[in-house]
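A.B. asks: what follows is a predicted structure for the sequence shown.
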Amino acid sequence: MRRLLSLSILVLAACGDPNANKLFADTRWAVRNSGGTQVFDHDANDFSGKNGISVSCNAPLMGGSRTLNMTVACAAGGCGNATNGTIEIINATFPAGATSPAAGCTMRVSEGVNTYQGGCGGSAPAPGQPCQITEVRFYTDTDTMLPTLQGNVLCTDIPNATSPSDPVLARNVTFIGPTGGAMPATFRITNCRGIMPGT
């Protein structure tokens with residue numbers, strides 16, 4: 001139901017709607033404390049500029065590898081949560097054919113006034129690299145013929161940027177909902193720049 005809804009909106013946008021060529025996010029993430037007693041869910045499912053959602057995405061192919069920078073931000077009251085939240089992947093480099101980035105990228109998540117930041121890569125979350133990015137695809141959607149990015153991210157004990165040495169302030173980034181704590185967050189962005197030549 002969710003994917004069909006997104007596709008129907010995108011098809012309408014391609015037929016003269018003012019949303020044509022705008023970035024579209026279908027991204028779901030939660031920020032949780034280690035005990036799971038504090039959970040902030042964000043469910044972004046609209047065009048950038050709609051319902052408090054802001055999206056940026058660039059994934060150019062250079063020298064056989066692709067570097068991804070993406071942000072999905074939700075204003076307070078948007079994306080099903082009373083607080084504002086942002087999820088960012090910064091300088092994630094994907095060798096040709098890879099579905100996970102090389103080590104060395106940065107993951108940044110904000111929740112209200114707090115920001116959490118740590119390293120990311122393709123290996124399981126661990127101290128020094130708390131975030132794992134997997135199952136990433138860069139492709140042209142065969143239904144809409146639009147450039148699309150999708151993948152998963154899971155963070156365990158990503159540090160608070162202000163107090164990175166305090167484990168109590170670290171958080172997990174997972175899928176949404178009461179049973180999502182063991183599942184990775186999911187992201188899907190349509191019209192991501194750089195996936196198709198000339199975009």
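C.D. replies: Right, received. Where do you want to start?
A.B. asks: for C131, which residues make a bridge with it?
C.D. replies: C120, C155 (DSSP bridges).
A.B. asks: that one and Y116 touch, don't they?
C.D. replies: No. Counting by CB atoms under 8 Å, C131 does not reach Y116; the two are 9.6 Å apart. All C-beta spots, glycine's among them, are computed from the backbone N, C-alpha and C.
A.B. asks: ok, these two, which is more surrounded?
C.D. replies: Taking other CB atoms under 10 Å, C131 and Y116 do not tie; C131 has more neighbours (29 against 25).
A.B. asks: now do the same contact list for that one.
C.D. replies: M107, G118, G119, C120, G121, P125, V153, L154, C155, I158, V173 (CB atoms under 8 Å, 6 or more residues apart in numbering).
A.B. asks: are any of those residues buried, and which?
C.D. replies: M107, G118, G119, C120, G121, P125, V153, L154, C155, I158, V173 (16 or more other CB atoms under 10 Å).
A.B. asks: now for these, which pair is the farthest apart?
C.D. replies: Using CB to CB, the pair of the buried ones among the contacts of C131 lying farthest apart is G121 and V173, separated by 14.6 Å.
A.B. asks: in three-state terms, label the closest residue in space to I176 that isn't next to it in sequence for me.
C.D. replies: The shortest distance from I176 to any non-neighbouring residue, by CB to CB, 6 or more residues apart in numbering, is to D41 (4.0 Å). Following DSSP: H, G, I helix; E, B strand; the rest coil, the label given to D41 is strand.
A.B. asks: any idea how far G52 is from D41?
C.D. replies: 14 Å (CB to CB, to the nearest Å).
A.B. asks: and those two? Which one has more around it.
C.D. replies: D41 (19 against 16).
A.B. asks: state the mean pLDDT of stretch 175-190.
C.D. replies: The average pLDDT for stretch 175-190 rounds to 95.
A.B. asks: model confidence over stretch 67-86, on average?
C.D. replies: Here the average pLDDT along stretch 67-86 is 93.
A.B. asks: repeat that for stretch 112-127.
C.D. replies: According to the model, stretch 112-127 has a mean pLDDT of 97.
A.B. asks: same deal with stretch 34-53?
C.D. replies: 93.
A.B. asks: now the strands for the protein?
C.D. replies: Ranges of strands within the chain are 24-32, 39-47, 53-58, 61-62, 65-74, 85-94, 105-111, 114-121, 131-140, 147-158, 171-174, 185-190, based on DSSP state E.
A.B. asks: would you reformat those strands as TSV and include distance to P164?
C.D. replies: Shown next, in TSV, are the strands of the chain (distance: least, CB to CB, whole Å):
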stretch	distance to P164
strand 24-32	16
strand 39-47	20
strand 53-58	25
strand 61-62	31
strand 65-74	21
strand 85-94	16
strand 105-111	13
strand 114-121	8
strand 131-140	14
strand 147-158	10
strand 171-174	12
strand 185-190	21
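A.B. asks: out of those strands, which comes closest to M196?
C.D. replies: Distance to M196, taken as CB to CB, is lowest for strand 147-158 among the strands of the chain, at 4.5 Å.
A.B. asks: name the helices or strands packed onto the closest one?
C.D. replies: In this structure, strand 147-158 packs against strand 105-111, strand 114-121, strand 131-140, strand 171-174, strand 185-190, with contacts taken as 3 or more CB pairs under 8 Å, 6 or more residues apart in numbering; DSSP states H and E.
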